[in-house]
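[1] Quick one: sequence plus predicted model below, questions after.
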Amino acid sequence: MKKRYPLLITVPAILFGLLGNICLGDAVAGPLTLGASVSLEGKYAETSFMVENAYKLWVENVNQRGGILGRSVKLILYDDQSREEKVRFIYEKLITEDHVDFVLAPYGTPLTLVASEVTERHGYVMVAGAAAGEEIWERGFKNIFGIHALSQRYFIGFLDLLARYRFKSLGIVFEKTSFNQSAAEGARDWAFRFGLIPQLNAGFDEPQSELPELIKELQAVNPDGVIVCSYPPDSYEFIRLITKAAYTPRALACAIAPALPDFFHKIGKSAEGVFGPSLWEADKRLPYPGTADFIDDFIKSSGKVPSYHAGGSFGACQILHKAIIQTQSFNHAQIRDAIASLDTITVTGRFKVDDQGRQIGHNPLLIQWQKGKKEIVYPRKMRTALPVFK
């Protein structure tokens, strides 16, 4: 049986007809080609797995329903090895040699920064479903749009909870990369708003040599809550080191890694009680059209429960799809203008951007690992469990 995802719902809620019910007119010869880079190896491999499989699932679903404006969809993927220089080469190749009709974004802020430099120069639209660093939207580009709440807002829920439970102090440790520095800056700024005092705010370049010293500094000041802004490999290393040192903050939150379905499997009991921002969860109780089918289909096709990186990447494809249908065109300038004006819902929630392409309609959740399971603990109206502190 073919899955029939809603094409998207516009706010206020107006249900669009399914693609199969739209009059497409004369078919256009040849497939519609989309290209992207994915990280099959390197530091982004775990998260990029989610992005890759979301793209594949969307293409499969669209082709089951007859393609887009009468054209089947073909997906071209190259391995960027989590390397920025590879991304630059790949997106140039996709546009100038493969002559793809559209591009999809790679995983993560550093790679998306590079890819969007190429696409902006060529006038190609890009919807970033797995990158949220502020720097992406500070360059005055016209063709890059975000799906998720930006990194500076990632830890609002965690900080709100700390304040509500009368915690007083905070330690922030961050990897010196664009996304993680932005997330740390946002955490520090919001901490002051919530009346929390950052007792340590320190970055690192080399986790093997610098994290042990930063953990000693955290132990010395002993803040009530600790935030770690890093990509998953360094978060796993931080948790391994504090477990070895028998250091247990009353509340620990990490960026990215806790939202991944294999977090508990990778670090075992050390995952218990860890908080993390999540931009969407694979929970069928979330009230977004097509979410339940997306969760089931992703598990069936990939063998994994989708993380928000998968949901956002699928949602990015939905936005591109909707703009093509709305304009009845493959023209990038028309599609760019259509995306800029959208106020709509994807499988991961509301999509609405400002005049720079920043996402302003979407808000993060906060999850916590409890008894080997992810629970939503913030906001209150969406929580599946109360937060637990040590």
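    Great, that's in hand.

[2] Give me the helices and strands touching the host helix or strand of Trp369, please.
    Element membership of Trp369, judged by DSSP states H and E, is strand 365-370. On a contact count with 3 or more Cβ pairs under 8 Å, 6 or more residues apart in numbering; DSSP states H and E, strand 365-370 meets helix 156-164, strand 275-278, strand 373-378. Quick note: C-beta positions are derived from backbone N, CA and C, even for glycine.

[3] Please tell me how far it is from the chain's geometric centre.
    Averaging C-alpha positions (Cα atoms, centre = their mean, to the nearest Å) puts strand 365-370 16 Å from its chain's average.

[4] for the record, mean pLDDT for that strand?
    Strand 365-370 shows a mean pLDDT of 97.

[5] Determine the angle, from 0 to 180 degrees, between that strand and helix 156-164.
    Computed by axes from the mean of the first three to the mean of the last three Cα atoms, to 10 degrees, the angle separating strand 365-370 from helix 156-164 equals 70 degrees.

[6] Direction included, what does strand 365-370 pair against?
    As defined by DSSP bridges, the strand partners of strand 365-370 come to strand 275-278 (antiparallel), strand 373-378 (antiparallel).

[7] CA atoms of that strand as PDB?
    Taking C-alpha atoms only, strand 365-370 is exported to PDB below (Å, rounded to 0.1, in the frame of the first residue of the first chain):
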ATOM      1  CA  LEU A 365      12.100  20.300  22.800                       C
ATOM      2  CA  LEU A 366      14.100  19.000  25.800                       C
ATOM      3  CA  ILE A 367      14.600  15.300  26.200                       C
ATOM      4  CA  GLN A 368      16.100  13.200  29.100                       C
ATOM      5  CA  TRP A 369      17.200   9.600  29.200                       C
ATOM      6  CA  GLN A 370      15.300   7.800  31.900                       C
END
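
[8] Mind listing residues that contact that strand?
    Contact with strand 365-370 is made by 157-158, 161, 253, 258-259, 263-264, 271-281, 374-379, 382, 385, 387-388, as judged by Cβ atoms under 8 Å, 6 or more residues apart in numbering.

[9] can we see that at 6 Å?
    Residues from elsewhere that reach strand 365-370, judged by Cβ atoms under 6 Å, 6 or more residues apart in numbering: 157-158, 264, 271, 274-276, 278, 374-378, 385, 387-388.

[10] just stretch 32-46 next, same as before
    Under Cβ under 6 Å, 6+ apart, the answer for stretch 32-46 is 48, 52, 68, 71, 73-82, 87, 90, 94, 98, 100-104, 106-108, 231-233.

[11] Centroid-nearest residue for the protein?
    Ala130 (3.5 Å; Cα atoms, centre = their mean).

[12] State the helix or strand in which it lies.
    Going by DSSP H and E, Ala130 is not in any helix or strand.

[13] hang on, the earlier thing: for the helices and strands packed on strand 365-370, give me CSV that also has mean pLDDT.
    Shown next, in CSV, are the helices and strands packed on strand 365-370 (pLDDT from 0 to 100):
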stretch, mean pLDDT
helix 156-164, 97
strand 275-278, 97
strand 373-378, 96
